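Novice: Structure for the following, please:
(one chain, ligands or ions: 2)
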Amino acid sequence: MTMTISNVGVVGAGQMGCGIAQVSAAAGYKVIMYDLAKERIEAGLATINGNLARQVASGKMSDDARKAALDRISGTTDINDMASLDLVIEAATEDESVKRKIFAQLCPVLKPEALLATNTSSLSITRLASATDRPERFMGIHFMNPVPVMKLVELVRGIATEEETFSTAKAFVTTLDKTITVAEDFPAFIVNRILLPMINEAIYTLYEGVGSVEAIDTAMKLGANHPMGPLQLADFIGLDTCLSIMQVLHDGLADSKYRPCPLLVKYVEAGWLGRKSGRGFYDYRGDVPVPTR
Ligand SMILES: CC(=O)CC(=O)SCCNC(=O)CCNC(=O)[C@H](O)C(C)(C)COP(=O)(O)OP(=O)(O)OC[C@H]1O[C@@H](n2cnc3c(N)ncnc32)[C@H](O)[C@@H]1OP(=O)(O)O
Ligand SMILES: NC(=O)C1=CN([C@@H]2O[C@H](COP(=O)(O)OP(=O)(O)OC[C@H]3O[C@@H](n4cnc5c(N)ncnc54)[C@H](OP(=O)(O)O)[C@@H]3O)[C@@H](O)[C@H]2O)C=CC1
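Specialist: Ligands and ions are numbered 1, 2, ... in the order given. The predicted structure is shown next:
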């Protein structure tokens, strides 16, 4: 059995929340996007508008479809506006305490039958589920960045996730024209278990002076045919998110091979979080990105 989903809530209007809101609205769902600050919502809606306009410009979407998708998305800073939603996907900062706080505020507002999902990159679904009032109706729906472009979504069950929750999530993701892989509830699941140690190793390669930012990215783009170099990709994901994922791998698997590179820690401590803060392994404040090392 699957539940009917007609409207979707997204918590967090950052890069992932906006992407999830965009593809859901484009697929015909009504979407409410919630964040703490009005400016975040406004910036998020502007990003979505820009991305949809690019799809119109490249002939992938009609202008009428763009307008209709935009009309289906609204933003709010009032969590009570999530009361009537069928599915809410949490896509706030990768920090367990932030997510727990959100669930504590959100669960009393949601209707009892609503499904709750998290877009976490790495955290235990079972542990997050235990911070909700509905572990049976909770699971991981892990989109990839940039959401409108990347085909994959990882689905992750917690120990208590019911079959109806899983089949409803699977049906929902299928309507977004995405391909599903199922991962078990281990730290960082499949994609990030493999991808983040590679990125962390690239940062060690920089830290140890084996190559410059440019040399490392060029090596992996041209030598291994990656669409982005690992340091460019780290900046794209967000260095705070990369560090959180490495910490979850290190703590959860208790193996020193997952030790976050001290240089990654230093960049995050400096507030150099990559593209979203204007500076990371590259400086994005000028016309073209310039390596910072
Ligand atoms: C951390 C986690 O938990 C999990 C993760 O997500 S890990 C990260 C996974 N993602 C990746 O590895 C991405 C690696 N990079 C790539 O695949 C490519 O560089 C890319 C798809 C991002 C861009 O590809 P490209 O060929 O260099 O760029 P470009 O030709 O400008 O864009 C291709 C299309 O993507 C769209 N696009 C690019 N960046 C976008 C963005 N940030 N948001 C929305 N759309 C975007 C463009 O609009 C363009 O679409 P149109 O053809 O309709 O115009
Ligand atoms: N970046 C990536 O490549 C991917 C990330 N993810 C996961 O998606 C989630 C979001 O990541 P991403 O979009 O990159 O992060 P961003 O930093 O871009 O966005 C996070 C958003 O959540 C907001 N937020 C923080 N606390 C709250 C709260 N209590 N209530 C509502 N909103 C809040 C932040 O606001 P403010 O900035 O004001 O704190 C920000 O707008 C994380 O769990 C991440 O691991 C999954 C796949 C890929």
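Novice: rest of the way, CA atoms for contacts and neighbours
Specialist: Fine.
Novice: Just the CA atoms of stretch 75-82, as PDB, please.
Specialist: Only the C-alpha atoms of stretch 75-82 are listed here, as PDB (Å, rounded to 0.1, in the frame of the first residue of the first chain):
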ATOM      1  CA  GLY A  75       7.800  30.000   1.700                       C
ATOM      2  CA  THR A  76       7.200  30.500   5.400                       C
ATOM      3  CA  THR A  77       9.000  31.200   8.700                       C
ATOM      4  CA  ASP A  78       6.000  29.900  10.700                       C
ATOM      5  CA  ILE A  79       6.400  26.100  11.400                       C
ATOM      6  CA  ASN A  80       2.600  25.900  12.000                       C
ATOM      7  CA  ASP A  81       2.100  26.300   8.300                       C
ATOM      8  CA  MET A  82       3.300  22.700   7.900                       C
END
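Novice: Which residues of the stretch 151-293 of the chain lie near ligand 1?
Specialist: The interface of the stretch 151-293 of the chain toward ligand 1, taken as Cα under 6 Å from any ligand atom, is made up of 227-228, 237.
Novice: So which of those is surrounded by the most neighbours?
Specialist: Using other Cα atoms under 10 Å as the neighbour definition, those reach their maximum at residue 237, which records 20 neighbours.
Novice: so which of the residues of the stretch 151-293 of the chain next to ligand 1 comes closest to residue 83?
Specialist: For these, the minimum distance to residue 83 (Cα to Cα) is 30.8 Å, reached by residue 237.
Novice: got a list of what that closest one touches?
Specialist: With contacts defined as Cα atoms under 8 Å, 6 or more residues apart in numbering, the neighbours of residue 237 are 145, 274.
Novice: can you do 10 Å?
Specialist: Contact partners of residue 237, counting by Cα atoms under 10 Å, 6 or more residues apart in numbering, are 15-16, 144-146, 231, 273-276.
Novice: Over to residue 168?
Specialist: With contacts defined as Cα under 10 Å, 6+ apart, residue 168 is in contact with 1-5, 87, 115, 174.
Novice: Nice, that's everything, thank you.
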